[in-house]
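In: With the input below, show me the fold.
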Amino acid sequence: MTKIAAFLGSPRVKGNTELLLNEALRPAYEAGHDIRLFKLNTMSIKPCQNCGGCEKTGCCVMKDDMGEIYDTIRGADRIILASPIFFFSISAQAKAMVDRCQAFWCEKYLLKKTIPAGPRGRKGLLLLVGGMKKEIGVQCSEATAKAFFRTISVPEHETSAFLGVDAKDAILEHPTALHDAYEAGKRLLAALI
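Out: Take a look at the predicted model:
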């Protein structure tokens, strides 16, 4: 059974980002895969303190909800990061989680230990929703996500972004967004066959 880790970076309950993420996860639910969904806004995740505590062990010294996330990332075959675009980047909730993956960075680049790919490999999906229509928000968010995925040994990911979507439930008015998210979820699983 494939293990999927999904991270919801939006603070808005049942908002545009969550609706997209639910659609992207639907193929995995339909196929009976093991899904762990983390609603980051409801979790206790302290910001990285750049204390250097993880440099010799690859383990973060802070004890909070990231412990569960570390374990899930380590065992996941597929990883989805979903976030609204705030000020040309991913949300603070998503960024706090990403920054705490500095422990994985130390493990991979200082200690020379990468997360094993496993028999299914590791692939990712980035889902973005932004109110502005300028591509710079996608580009900046994509740069952060690329560093995140590379650090946690996910060598390739797809990005699916929807701009000009701001008000709650506005994604429902988008002509293709939910369908596109569902298809992106199917493509994420397609490599498993």
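In: which sections of this protein are below the confidence cut-off?
Out: For the chain, applying pLDDT under 70 flags the ranges 191-193.
In: And the helices in it?
Out: 16-31, 66-75, 92-99, 102-105, 136-151, 177-190 (DSSP state H).
In: quick one: which of those is nearest C60?
Out: Counting by C-beta to C-beta, C60 lies closest to helix 102-105 out of those; the figure is 4.3 Å. Backbone N, C-alpha and C define where each C-beta goes, glycine included.
In: who does the closest one touch, helix- and strand-wise?
Out: helix 66-75 (3 or more C-beta pairs under 8 Å, 6 or more residues apart in numbering; DSSP states H and E).
In: Return the residues in contact with P84.
Out: P84 is in contact with G9, S10, R12, G15, N16, T17, I90, S91, L128, V129, G130, counting by C-beta atoms under 8 Å, 6 or more residues apart in numbering.
In: For the most centrally placed residue in the chain, give me its contacts.
Out: Residue closest to the average C-alpha location in the chain (C-alpha atoms, centre = their mean): L81, at 1.8 Å. Applying C-beta under 8 Å, 6+ apart, we find L81 in contact with F7, G9, I90, A94, V98, G124, L125, L126, L127, A145, F148, F149.
In: try 7 Å
Out: L81 sits next to F7, G9, A94, L126, A145, F148 when contact means C-beta atoms under 7 Å, 6 or more residues apart in numbering.
In: any idea how far L110 is from the residue of the chain most remote from its centre?
Out: Computed with C-alpha atoms, centre = their mean, the residue of the chain farthest from its C-alpha average is K56, at 26.0 Å. Counting by C-beta to C-beta, to the nearest Å, the gap from K56 to L110 is 8 Å.
In: again, but for Q49
Out: 17 Å.
In: try Q139
Out: From Q139 over to L110 (counting by C-beta to C-beta), the distance is 29 Å.
In: what do you get for R36?
Out: In terms of C-beta to C-beta, R36 sits 27 Å off from L110.
In: So which of those two has more stuff around it?
Out: R36 (16 against 13; other C-beta atoms under 10 Å).
In: Done for today, thanks.
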